[in-house]
Each structure stands twice: as structure tokens, then as C-alpha cells.
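Chemist: Sequence and predicted structure are below.
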Amino acid sequence: MTFTEQLRQEADPIFEAIIEHPFVRGIAAGNVPKEAVKHYVKADFEYLNAFMHVYGIAISKCHDRKDMAFFSEQINFVINSETHPHHNLCNYIGIPYEALQGYPLPPSADHYIKHMKHYAHEGSLGEILAALLPCPWTYLEIGNRLMDEVKPDENHPLYEWIHFYADGEMENTTMKLRRHLDSWAEGASEREKKAMTDAFIKSCQLEWGFWEMSYNVETWDLNPKHATSTSL
Ligand SMILES: Cc1ncc(C[n+]2csc(CCO)c2C)c(N)n1
């Protein structure tokens, strides 16, 4: 079994919990509560900014041009393409995308980006890859499962969202990250493999937490003053 196959096996209960999460079930049924979608898009816009920062730091740790090119292509993909599913969600709730940008991250999303930035600043390239991988991998599996289960037609309000994540590009990104991480793991010590596993499993849990945060419209209830600026 490859290293990333082992990671996937260990994280299986979390992947299942994500697929069964009420927000994801709502995407399947085309009836997610609009407040939850609004909360998700606000947080995800900022999450994607943080994700690009992490890719940028990953580039600074690469020695190989092929790896630099991969991360730089991914930054382009996030800027130019990850906006499509957001536009689909904005159309679904009838709110312009621009109105949902520049908000502070709720606690669980804040935790997730700080977790990734921790590995970006303190970790090896292997640890960064492990922290990043659940992002495309969980979405790829959501997309594939919803395509199989729902087989949405163009009248489904979240048709584009589902198609976007079930698309070959998501598979491609996931496979490239996996291959890179698998080859890194071949030369890694037991201690580093443990750190990479920890980074991966926590990112999977934080992916679940992001759906939960959106569905429950989580806020910094007890400390509103500190929630007034984006905390990137
Ligand atoms: C919380 C959260 N997790 C994952 C994604 C999906 N996603 C974000 S960036 C990216 C490209 C990776 O190179 C993908 C697939 C999301 N939108 N929000």
C-alpha cells in the first residue's frame, strides 16, 4: 500500500462523515439553507486566499522546477477556476459574489487556515503537501459520489458545483499531489511520516469542520471586537 493509500484508509470515517454531512446532503438535494451557503462562500473566499499563500510558501521550499510549475499552475487554477463553483452558489442564493468578499473567518475556518500556515512555515515540503491534500481529495470524492447518486441534470440548482468537483481536473490535482507526497514519503524518517499523517488527518477533520461551521453559521459570539478584520 502506498503512503497516501494508508492515509486515505485511516481517514475513511472522516471522508464518510463529510459525504454524509447535512450541508453536502443539501447540495445533493439542491436544498441547502441559503444562510449556510452565504456563510460558506464568505469563508471560502478567504480560505482560498490563504490556500494560495500556502502554495506560494511551498514554491519557496521547492528545488525542482517541475514542482514550482505545479504549485504555480494551482495558484492560477484557484484564481481563475475555483470561482466557478462560488458563482454557482451565489446564483443559488441570489447574492452577488462581490458582496460576500472580505469577511473575517469564523473560528473553525480560522483554525483550518492557521493549521495549513503552521505547516507552510514550520514544516517540510512533505508536511505541507500532507496538509494541503485533503482539500482537493475530499472535494473530488464529494463530486464523484454526488454525480453517481444524483446524476444531476441542468435543472439541478447546483449542477455546476457538482460537475466542477467531479471533473478530471480535480482528479488530476489530487493525483499529482498524491504522487509527490508518496515519493517524498519514500525518503522520510518515521518521525516525519508521523508528522505528515498528523497534518493530513487534521486537515480532513478541519474539512469536515468547515462544512459544520457553514451549516451552523458559526461566529465569534463571545469576542465580537476581534472578528471585525480578516485575520490572515
Ligand atoms: C474548505 C475548502 N476545501 C476545499 C476546497 C476545494 N479547493 C480549494 S482550492 C482547490 C485547488 C487545489 O489546488 C480546491 C480543490 C474549497 N473550495 N474549500
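Modeler: Perfect, I can see it now.
Chemist: For the most centrally placed residue in the chain, pull up the helix or strand it's in.
Modeler: Nearest to the geometric centre of the chain sits Cys135, at 3.1 Å (C-alpha atoms, centre = their mean). Cys135 belongs to helix 134-150 when assigned by DSSP states H and E.
Chemist: For stretch 204-217, buried residues please.
Modeler: Neighbour counts over stretch 204-217 (16 or more other C-beta atoms under 10 Å) mark Cys204, Gln205, Leu206, Glu207, Trp208, Gly209, Phe210, Trp211, Glu212, Met213, Ser214, Tyr215 as buried. Yep, even glycine has a C-beta here, placed from its N, CA and C like the rest.
Chemist: picking up where we left off before, can you name every helix or strand that the helix holding Cys135 contacts?
Modeler: helix 12-19, helix 22-29, helix 159-166, helix 168-186, helix 190-215 (3 or more C-beta pairs under 8 Å, 6 or more residues apart in numbering; DSSP states H and E).
Chemist: Run the contact check for the fourth one versus the ligand.
Modeler: Yes: using C-beta under 6 Å from any ligand atom, we find that helix 168-186 touches the ligand at Met170, Thr173.
Chemist: again, but for the second one
Modeler: No: figure legend: helix 22-29 not in contact with the ligand (C-beta under 6 Å from any ligand atom); closest approach 11.1 Å.
Chemist: Toward the C-terminus, what is the element adjacent to that helix?
Modeler: Using DSSP H and E, the helix or strand that follows helix 22-29 in sequence is helix 34-60.
Chemist: Quick check, pLDDT for the residue nearest to the centre of the chain.
Modeler: If you check Cys135, the pLDDT there is 98.
Chemist: same deal with Asn49?
Modeler: As predicted, Asn49 sits at a pLDDT of 97.
Chemist: hang on, the earlier thing: any chance of the helices and strands packed on helix 134-150 in CSV with mean pLDDT and distance to Ala130 as columns?
Modeler: Conversion of those to CSV gives the following (pLDDT from 0 to 100; distance: least, C-beta to C-beta, whole Å):
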stretch, mean pLDDT, distance to Ala130
helix 12-19, 98, 14
helix 22-29, 98, 23
helix 159-166, 97, 21
helix 168-186, 96, 6
helix 190-215, 98, 4
